[in-house]
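Student: give me the fold of what follows.
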Amino acid sequence: MNFRPAIFTLFGALLFASVTGCQKSEPVNLALPSTVLAPDTIAHIHWLGKKRLGITAGAYYFMRIWQQPQSSRLERQTLNKLATMPGQWLPGATNLKNDDATRLWLMLDDLLQEECYLEIRQPTNGTAETVFAILLNQNQTGQWRTNLAAVVESLTGTHTVADSAVQGWTTQPAKAGRIALSRVGDWTVVDVSSGKNPLLEEITTRIRRDGVPFVSSGTNLWLEASLDLPRLAACFPTINHQRSTINHLNLAISGDGGNVITRAQLTFTQPLPAQLEPWNIPLDLIHEPLTSFTAVRGLQSLLAGWKTWSDLQMGTPPDQLFFWTLAGSPYRTYLAAALPDAGRQVTALTDHLLQKANPWLATNGYISFDRAPDSNGVTWGSLPDIKPFIKSAGSGGWLYAGLLPDTNTDAAPPPAGMIQDILNRTNLVYYDWEVTGPRLQPDLQLGQTVREIARRPQMPLDSAGLDWLALLIPRLGTSATIINRTAPDQLSLYRRSTLGLTAPELHLLADWLESPQFPRGLHSTTIP
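Tutor: Residues are numbered from 1 along each chain as shown. As a prediction, the model looks like this:
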């Protein structure tokens, strides 16, 4: 048995604990605005564009951060990677020569700056029809005519034939399908199909009738998307959807001037657990000064089928997990899970780690677990700043774990408003609050520690990603997320945050953008 996944599961879970915090949320409307499209539509994405966000009051603070030099540096680095290495992100593509990479860079920058829309439709027993439209002036359209033709020829080996009737061109010969560029009103339209494209005709009609190519559900949305994931995977074999249970994703992002408002809806292929057990919050373990708090329930059936849990031989898995962090140290990060027989199950886990995991740790040059002298659990290492532990604790029968023992047991209890807010939400499955800015620095330190323990490369101190995160630390406020079960097979998310992401998610984003193989993999998964 490979113990590495099981051993580092604790650290992954405790790193995740850096999300969230402790403040009562206002009542929110989880409902997404609805967009009526044809039943054959398997994807549509509408992006308002960075330029328009810059003049939208709802994006005022968001754009102030995006316009900082550190943000611009990371943006340019990301576009450079995408433009010079399309073989990493386009199916069957190879990397481009300098001239064509520059052309692709300019088009990718336009995608970021300008309003654009993508729709994919697949009729029953038919082939996929794809149309992409971007709002460009005449000069930009001329550049796209030239640049896209050159890039398509370089990547596919096909040539383009000018079509003056539509101010564009069409690829010839159409080996694996037809790609065409045309000008419709103020929009530059690119369509991909195996022949005649009814979706192109429909979108052309929309532009001539309404001035826009999309059917939108709201005028104040920055980003709107709807994805039928199984059907997308069937159309694009390079998308691996086999292990996912998500059937459909709807997303809408907007702002209120100082915050990003995110609404999402996930529909699953199978019903979720029918019953949500009443919340059982470890109030005897949690206390101030909290900087984050997360509560999640409905996990028992998911954990029961998880091989890592089975390997630990602990019996019935928990249904609820709680994560929290305390001010003062990045290692004041904790996890609690209610178990039906916590004392016995943690004792069994302790024996398993000492007898089975320690030989693997020793063989691979890691510090071994030690039996805790004051509990039925284990500790790992003896450094004063970080000393991971697992034990049973509390009056409710808890598996309790952390990266540093908590000695401040006489502190004030968690906010009553936060606890009551969780208890009052009948269909709540996930509750999350954090002070994002102050959490970023501890997350960075904790992330570098986890990379060192896992023998993965550290994030370079002079990297654009870390430079950007340092910019964010004093500029980010709180983030609040709730996820409700709104149908037997559906979850709905609402988040209010400064940038749309939590501290761990921002850290993960920077790690991803710094990957040498971006957009594949993470920087931290690179073999040193």
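Student: residue ranges with poor pLDDT in the stretch 201-350 of the chain?
Tutor: 217-218, 236-244 (pLDDT under 70).
Student: all helices of it, in order?
Tutor: With DSSP state H, counting those that start in this stretch applied, the stretch 201-350 of the chain shows helices at 229-235, 300-304, 307-312, 342-352, listed in chain order.
Student: all helices for the stretch 351-500 of the chain, in order.
Tutor: Read by DSSP H, counting those that start in this stretch, the stretch 351-500 of the chain holds these helices, from start to end of the chain: 358-363, 416-424, 436-453, 464-472.
Student: just checking, residue 77 touches residue 464?
Tutor: Yes: applying CB atoms under 8 Å, one finds residue 77 in contact with residue 464, separated by 4.8 Å. Where C-beta positions appear, they are placed from N, C-alpha and C, glycine not excepted.
Student: quick one: which of those two has more around it?
Tutor: When residue 77 and residue 464 are compared on other CB atoms under 10 Å, the one with more neighbours turns out to be residue 464, at 20 against 17.
Student: can you pull the contacts of that one?
Tutor: Residues in contact with residue 464 (CB atoms under 8 Å, 6 or more residues apart in numbering) are 70, 73-74, 77, 513-514.
Student: out of those, name the ones that lie in helices.
Tutor: By the criterion of DSSP state H, membership of the contacts of residue 464 in helices covers 70, 73-74, 77, 513.
Student: show me which of these is closest to residue 257.
Tutor: Of all these, residue 70 has the smallest distance to residue 257: 22.2 Å, by CB to CB.
Student: by mean pLDDT, which helix or strand of the protein comes out lowest?
Tutor: The element with the least model confidence among the helices and strands of the chain, by mean pLDDT, DSSP states H and E, is helix 4-16, at a mean of 39.
Student: next SSE downstream of it?
Tutor: From helix 4-16 onward toward the C-terminus, using DSSP states H and E, the following helix or strand is strand 41-47.
Student: contacting residues around that next one?
Tutor: Residues external to strand 41-47 that are found in contact with it (CB under 8 Å, 6+ apart): 35, 37, 111, 115-122, 128, 214, 216, 221-228, 231-232, 235.
Student: what mean pLDDT does that strand have?
Tutor: Strand 41-47 shows a mean pLDDT of 94.
Student: is it true that residue 148 lies in a strand?
Tutor: No: with DSSP: H, G, I helix; E, B strand; the rest coil as the criterion, residue 148 is assigned helix and is not in a strand.
Student: help me confirm that it comes into contact with residue 190.
Tutor: Yes: checked against CB under 8 Å, the pair residue 148 and residue 190 is within contact range at 7.0 Å.
Student: identify the contacts common to these two.
Tutor: Listed as contacting both residue 148 and residue 190 by CB under 8 Å, 6+ apart are residue 181.
Student: name the residues contacting each of residue 77 and residue 464.
Tutor: Both residue 77 and residue 464 are contacted by residue 513, under the criterion CB under 8 Å, 6+ apart.
Student: okay, now residue 373: neighbour count?
Tutor: Burial of residue 373 is recorded as 6 neighbouring residues (other CB under 10 Å).
Student: now do the same for it: its pLDDT.
Tutor: The confidence metric pLDDT takes the value 89 at residue 373.
Student: how far away is it from residue 391?
Tutor: Applying CB to CB, to the nearest Å, one obtains 11 Å for the distance of residue 373 from residue 391.
Student: which residues are common contacts for these two?
Tutor: In terms of CB under 8 Å, 6+ apart, residue 373 and residue 391 are not both contacted by any residue.
Student: still on that earlier bit, out of the ones in helices among the contacts of residue 464, who has the most neighbours?
Tutor: Taking other CB under 10 Å as the neighbour criterion, residue 74 ranks highest of those with 23 neighbours.
Student: so residue 504 is in which element?
Tutor: Per DSSP H and E, the secondary structure element for residue 504 is helix 503-513.
Student: got the CA positions of that helix in CSV?
Tutor: These are the backbone C-alpha positions of helix 503-513, laid out as CSV (Å, rounded to 0.1, in the frame of the first residue of the first chain):
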residue,chain,number,x,y,z
ALA,A,503,-7.3,33.0,0.2
PRO,A,504,-6.5,29.3,-0.5
GLU,A,505,-8.1,29.6,-3.9
LEU,A,506,-6.0,32.7,-4.7
HIS,A,507,-2.9,30.8,-3.6
LEU,A,508,-3.9,27.8,-5.8
LEU,A,509,-4.5,30.1,-8.7
ALA,A,510,-1.0,31.7,-8.4
ASP,A,511,0.5,28.2,-8.1
TRP,A,512,-1.3,27.1,-11.3
LEU,A,513,-0.3,30.2,-13.2
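Student: any idea how far it is from the chain center?
Tutor: For helix 503-513, the distance between its averaged C-alpha position and the chain's averaged C-alpha position is 9 Å (CA atoms, centre = their mean, to the nearest Å).
Student: which helices and strands sit right next to that helix?
Tutor: In this structure, helix 503-513 makes packing contacts with helix 69-84, helix 436-453, helix 464-472, judged by 3 or more CB pairs under 8 Å, 6 or more residues apart in numbering; DSSP states H and E.
Student: what's next to whichever helix or strand comes after the first one, contact-wise?
Tutor: Sequence order places helix 98-113 as the next helix or strand after helix 69-84, per DSSP H and E. Applying CB under 8 Å, 6+ apart, the set of residues contacting helix 98-113 from outside is 47, 49-51, 75, 79-80, 82-84, 86, 95-96, 134, 136, 140, 143-144, 146-148, 150-151, 154.
Student: for residue 319, see how far away residue 429 is.
Tutor: Applying CB to CB, the value for residue 429 to residue 319 is 11 Å.
Student: quickly list what's touching both of those two.
Tutor: Both residue 429 and residue 319 are in contact with 297-298, where contact means CB under 8 Å, 6+ apart.
Student: next, the buried residues of the helix or strand harbouring residue 64.
Tutor: Secondary structure assignment for residue 64, by DSSP H and E: helix 60-66. Along helix 60-66, the positions that meet the burial threshold by neighbour count (16 or more other CB atoms under 10 Å) are 61-63, 65.
Student: for stretch 223-236, same thing?
Tutor: When burial is assessed from 16+ other CB under 10 Å, stretch 223-236 yields the following buried residues: 223-233, 235.
Student: between the residues you listed, which sits nearest residue 470?
Tutor: Residue 470 lies nearest to residue 223 out of the buried residues of stretch 223-236, by CB to CB, at 26.1 Å.
Student: run through the residues that contact that closest one.
Tutor: The neighbours of residue 223, taking CB under 8 Å, 6+ apart as the test, are 45-48, 251-253.
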